[in-house]
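Engineer: Quick one, structure for this:
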Amino acid sequence: MAVRVSIIVPVLNEGGIIRGFLEHLHVTAPGTEVIVVDGGSDDETVELCRNLADHVLVTAPGRAGQMNAGAQIARGKILWFLHADSHIAENSLTAIEIALGNPSVVGGCFRLEIVPTRWIYRIRDAVGDLCVNLFHIALGDRGLFCGRENFFAIGGYPNQTLLEDADFYRKLCALGRVRQISIKIQTSSRRYEALGPLRTSLFYLLIMTLYLVHLPMSILERMVGWFASRKTRVRQYTKVSRVSSYP
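Structural biologist: Just a heads-up that it's a prediction; the model follows:
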C-alpha cells in the first residue's frame with residue numbers, strides 16, 4: 001500500500017525521550033512512514049531508533065539540513081515535521097489529510113500547548129497562535145506539514161541556523177493557502193524551564209519582533225547564541241553553589 005504521510009523527526013542527543021516518542025507515533029499515527037534524522041548525537045539516540053523508525057539517517061548538525069535530508073528520501077505525498085518532545089492527538093493525522101484534501105491548501109500547522117499547565121505558558125501559546133494567524137509565522141514545534149510537491153516547489157527549508165521554520169512557513173503562505181488546525185500539539189517546556197519561563201518567553205518575543213522588522217539574521221543568531229549560552233553559565237553556577245554551600 002502506498003505511503004500517504006511521511007513523518008520527519010530531526011534529533012540531536014535525544015536518547016532520553018526518543019524511544020517513548022516513536023512508540024507514541026506508532027499508536028497515534030499508524031501507517032505513516034517515520035524518518036528520524038540525527039545530527040551527530042554522541043549518546044544512544046541512533047541505536048534506540050533502529051527498530052522503531054522506517055529510516056534512520058545521520059547527517060551534519062543543523063535542523064534545516066536534517067529535515068531536508070529526510071524529505072529527500074520520504075515516499076509520502078504529505079510531509080509532516082515533528083519534534084521529539086512533542087505529543088500529538090490521535091485525530092491529528094486525519095486532520096492533516098482533510099486539510100490537504102482541499103486543492104487550494106498547500107500546508108499548515110497545529111495549535112501549540114506547552115506543558116505543564118502554567119499561566120505563562122498559556123499566554124505564550126495564545127501569542128504564538130496570534131502570530132500564526134496575523135503574521136504567518138509558525139515554528140517547528142507546531143508540527144508543520146505540507147504536500148511533498150509544495151515542499152520542493154519552495155526549495156525546502158532554508159540553509160540557516162535560526163528561524164528556518166519561520167521562513168519555510170512564510171514561503172508556504174506565499175505559495176497558497178495554509179491552515180492552522182485547531183487541534184493542539186503538546187510540547188515540553190524544558191527549554192523554557194532551563195532559563196526561566198518568563199525570561200525565555202519575553203526574549204523570544206523580542207526575537208520574533210525583530211525578525212518581523214527584518215533585522216539581519218546574523219544579528220539575531222548572535223543574540224540567540226548569547227542567550228542560549230546563559231544555560232551553560234547557569235548550570236556551572238549551580239554546580240559551584242552546591243559544592244560551596246553550607247550543609
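
Engineer: Kindly list the single helix or strand of the chain that scores lowest on mean pLDDT.
Structural biologist: Ranking every helix and strand in the chain by mean pLDDT, DSSP states H and E puts helix 217-244 at the bottom, with a mean of 65.

Engineer: give me phi/psi at Arg63?
Structural biologist: The phi/psi pair for Arg63 (degrees, to the nearest 10) reads phi -60, psi -40.

Engineer: Next, count neighbours for it.
Structural biologist: When neighbours are counted by other Cβ atoms under 10 Å, Arg63 registers 21. Where C-beta positions appear, they are placed from N, C-alpha and C, glycine not excepted.

Engineer: doesn't Ile8 make contact with it?
Structural biologist: No: with contacts counted by Cβ atoms under 8 Å, Arg63 stays clear of Ile8, the gap being 10.6 Å.

Engineer: overlap in contacts of those two?
Structural biologist: Common contacts of Arg63 and Ile8 (Cβ atoms under 8 Å, 6 or more residues apart in numbering): none found.

Engineer: Restrict stretch 81-101 to CA atoms and write it as CSV.
Structural biologist: Output in CSV follows, covering the C-alpha atoms of stretch 81-101 (Å, rounded to 0.1, in the frame of the first residue of the first chain):
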residue,chain,number,x,y,z
PHE,A,81,7.8,17.6,10.5
LEU,A,82,7.7,16.8,14.3
HIS,A,83,10.0,17.4,17.2
ALA,A,84,10.9,14.5,19.5
ASP,A,85,9.5,16.3,22.6
SER,A,86,6.0,16.6,21.1
HIS,A,87,2.8,14.7,21.9
ILE,A,88,0.2,14.5,19.2
ALA,A,89,-3.5,13.9,19.4
GLU,A,90,-5.0,10.7,17.8
ASN,A,91,-7.0,12.6,15.2
SER,A,92,-4.1,14.8,14.1
LEU,A,93,-3.3,12.6,11.1
THR,A,94,-6.9,12.7,9.8
ALA,A,95,-7.0,16.5,10.3
ILE,A,96,-3.9,16.9,8.1
GLU,A,97,-5.4,14.7,5.3
ILE,A,98,-8.7,16.6,5.4
ALA,A,99,-6.9,20.0,5.3
LEU,A,100,-4.7,19.0,2.3
GLY,A,101,-7.7,17.4,0.6
